Structures are given as C-alpha cells and as structure tokens.
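**Q** predicted coordinates and the sequence they were generated for:
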Amino acid sequence: MARFLRPLLRGTTYTRLLHLWVPLLVVGLWLFVDPSTPWVPALVLVPVGLIPAVRRGEGVQARLLLTPGEADSGISETPSATWRDRGRTVLWLEARMVLGSAGAMVSVWLPAIAFDLARLAAGQAPDGLPLLDAARPHWTYALLVPLPLIALYGAVVGFGELITAIARRLLGPSAAERLAALEERTEQLLERTRIARELHDSIGHALTVAVVQAGAARAAGDPEFTDRALAAIEETGRSALEDLERVLGVLREERRPVSGRPTLTDADRLLESARASGAKVDAEVTGALETVPGPVSREGYRILQEALTNVLRHAGPVPVRVRVTVTGGVLGLEVRNPLPGPIPGPGRGSGLRGIRERAALLGGSARTGPDGGDWQVHTELPVR
C-alpha cells in the first residue's frame, strides 16, 4: 500500500500535472474568443514549432517540470538545428496539447463524478452531471465513491509518465547533438589523460632526481658534493613547481598559452639534471630542433624526460647515450643505458605506457625494452 501511494508524496507528480495544464491557458483563451473553432490553436502550433528557439524553451520547461532534479533527463535544451528537429518539435507541441486537454477533462470530470456519487449516497439528487441524471439516491453509492478517485490518481500518474516518455522521445538529443556530446566527452577524457601524463612525467622526474641526489650526497660525505646535490635538488624542484602550477592552471581552466610548456630546445636542463645525479650522459643532436612543430617538440621533451627518469630510477648513475635527430620529416629520439642486472621482461609501467601513448597520438611509434645488453627507448615522431 505504501508503494502504491508513494507517487502522492513526490513533487514530480504535481509538476508534471502542472506541465499538462499549461497549454490549456492558450486553449481556454481562444475558446473564450471564438468557441466555434477549437481546432485553431492546434493549427497555430505548426508554424510555432518550426521556430528553432521554441525547441529550447520547450526543453527547458520539460526538464524543470517533468524531470526535476535528474542530472541526465534525456531531454535536450538546444535550438532546432535541422528540419527533422523542427518536425519533432511540432509533434511534441501537438501531443502536449492533446494530452493536456485529455488530462484536464479527466481532472475535472472524475472528481465531479465522485462528488455526485457522494450526494446520491447522502440521499440528495446529483448536481447536474448527465451521466448520473437518472440515478436514484441510495446509500450503496457510497461504495462507488472511491472508484473515480482511484481512477483520477491513476490518470494523473499515468499521464505524467506518458508525457515524460514522449518528451524524451521528441525532445531528446538528435544524432548530431549526441555526436557533439560524445566528441566533447572524448576531448575531456583526452585532456585528463594528458594532464595525468604531465604530472607523472614532471613530478616523477623531479622526485627521482631528488632521491638520487640525496642518496648520493649522504653516501659521499663530501661537503662540496653535498652543496652541488642540494643545488641540483633546488633547481629540479623549482622546475617541477612550475610544471605543477601550469597543470593546475589547466585544471582551473585558466587560459594560459601552451607555449609555456617546455620543448626539446629546453632539453639541456634535462641532460644537466641527469648529469648532476651522477649519470654520464653522452648527448648528440642532429638537425634543427627549431623547425620541429610545437606539439611534437613538447611531447618529445616529455618522452625524453620520462626516459631519463627511468634510467635514474631503475639503473642509477650509469652511462646514458641520448640521440636526437631531425631528418626526413621524422623526429627520432633514442635513449640507451646498460642494464645493471638481469634483463627484465617488457616494461608495463605507466611511464613507458605514457611514452607509447604520446607517440601514438602524434602518429608515430615507440619501442621500449632490452636491446643487446642495453635498455632502449626509441621513438619516431612525424614532424609534418
């Protein structure tokens, strides 16, 4: 019983009833002007529904009254963009008027029937309803009084559910709107993935350098070496804070230019950071890095940063060979270092996966893993 009566406690039941009654204001006004032509309001709705902005107004009203509080109501609030959308809006307006008129008749006649049944049960004549004109007063009519009220309850709830289903069907997003929403969602996911990679690469690199430098300084016991290690940690930490502030700015949706992100022309600070951590870096650059497009150069910087971070984290201060080439429309990046222990299996870490993802997004390729006793990170990125 409580489940049966639950819709009576929901505000949505009454807002939907209000939504059904709104079109009757126009119909009632017209019938007051010319009751002989009740079909005119339905005819006027056809050109009205062809106006693009009407679809937006109907969508806003439907979301507020038919699905209040629902985050994903399935009802669009955008203007009509195609003739198909305009046609669906016209159908919606006509359906709303028909259901509103039917709901209004039910809402008036069923309570009136219950009232007349109560009068008959009390020994009085009915109050003018043609349906009960011939009925004679009798107490047994009291048993029938609840039936119109139950029917009214079912009609109110049923009409509300029906108009909501029709709204989702006729005012729901079109194929173009669904595609646009899907593209927007994809862009958001790609942006979140990029931010996660940025944080992993920049902060991970800084923490790795700091840990290696602190460990080396403690083991060396040399004040001069300790000063150099602290200076390297300070510089790396400052760069990491700049990267973190930039990424947080993206999360705050600040419109900062992407030109502030480091590119391969800033790779010297990565190499110096690795050298300060004890790695013997042999770097060679072939070609003009200035000619590499900004997006490719920025991603190349992050790939190089992650490769050097992996060397310091997993191999320690070992000789590292870095080769950067720009030839034939391809940017090549190779980082090799000797393996300090047994050859591991294929890398599954998020850093190596991020390298492969960065390369794939730019239409390039990346190979990571053992190669002739060395660990190799080799990427090729198209620059055109």
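**A** Great, that's in hand.
**Q** how about the nearest residue to residue 31, chain neighbours excluded?
**A** In space, not counting the residues next to it along the chain, residue 31 is nearest to residue 38; the distance is 6.1 Å by C-beta to C-beta, 6 or more residues apart in numbering. Where you see a C-beta, it was placed from the backbone N, CA and C, and this is true even at glycine.
**Q** so what's the one you found scoring on pLDDT?
**A** Note for residue 38: predicted pLDDT of 79.
**Q** phi, psi for it please.
**A** Phi and psi for residue 38, reported as degrees, to the nearest 10, are phi -70, psi -10.
**Q** all the strands of the stretch 251-384 of the chain, residue numbers only.
**A** 280-286, 319-327, 330-338, 365-371, 374-382 (DSSP state E, counting those that start in this stretch).
**Q** and the second one, which strands flank it?
**A** What it means is strand 319-327. Partners of strand 319-327 in the sheet, by DSSP bridges, are strand 280-286 (parallel), strand 330-338 (antiparallel).
**Q** do the fourth one as well
**A** Based on DSSP bridges, the pairing partners of strand 365-371 within the sheet are strand 374-382 (antiparallel).
**Q** just give me the neighbour total for the residue nearest to residue 31.
**A** Using other C-beta atoms under 10 Å, the number of residues around residue 38 comes to 12.
**Q** residue 216: what's it in contact with?
**A** 225, 229, 277, 278, 317 (C-beta atoms under 8 Å, 6 or more residues apart in numbering).
**Q** where does the prediction get shaky in the stretch 1-150 of the chain?
**A** 1-2, 128-129 (pLDDT under 70).
**Q** all helices for it, in order.
**A** Using DSSP state H, counting those that start in this stretch, the helices found in the stretch 1-150 of the chain span residues 2-5, 11-33, 40-49, 52-65, 83-121, 146-170.
**Q** could you list every helix and strand in contact with the second one?
**A** If I follow you right, that is helix 11-33. If contacts are counted by 3 or more C-beta pairs under 8 Å, 6 or more residues apart in numbering; DSSP states H and E, helix 11-33 sits against helix 40-49, helix 52-65, helix 83-121, helix 146-170.
**Q** so for residue 328, which of those helices sits nearest?
**A** Nearest to residue 328 among the helices and strands packed on helix 11-33 is helix 83-121 (49.3 Å), distances taken as C-beta to C-beta.
**Q** by how many degrees do the closest one and helix 11-33 diverge?
**A** If you take axes from the mean of the first three to the mean of the last three C-alpha atoms, to 10 degrees, helix 83-121 sits at 90 degrees to helix 11-33.
**Q** and helix 83-121, how far out from the chain middle?
**A** 38 Å (C-alpha atoms, centre = their mean, to the nearest Å).
**Q** and if you look at stretch 264-274?
**A** Per C-alpha atoms, centre = their mean, the centroid offset for stretch 264-274 relative to its chain is 36 Å.
**Q** and the protein, what are its domains?
**A** Here the domain assignment for the chain is 2-173, 179-382, based on automatic domain parsing.
**Q** average pLDDT for the last one?
**A** Per-residue pLDDT over domain 179-382 has a mean of 78.
**Q** need the helices of the stretch 1-150 of the chain in JSON lines (columns: distance to residue 356).
**A** Converted to JSON lines, the helices of the stretch 1-150 of the chain look like this (distance: least, C-beta to C-beta, whole Å):
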{"stretch": "helix 2-5", "distance to residue 356": "54"}
{"stretch": "helix 11-33", "distance to residue 356": "49"}
{"stretch": "helix 40-49", "distance to residue 356": "52"}
{"stretch": "helix 52-65", "distance to residue 356": "43"}
{"stretch": "helix 83-121", "distance to residue 356": "42"}
{"stretch": "helix 146-170", "distance to residue 356": "42"}
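**Q** ok, which of those helices comes nearest residue 332?
**A** Closest approach to residue 332 among those (C-beta to C-beta): helix 83-121, 50.4 Å.
**Q** pretty sure residue 312 contacts residue 281?
**A** No. Residue 312 is beyond contact range of residue 281, at 10.7 Å (criterion: C-beta atoms under 8 Å).
**Q** what is in contact with those two at once?
**A** With C-beta under 8 Å, 6+ apart, residue 312 and residue 281 have common neighbours residue 274.
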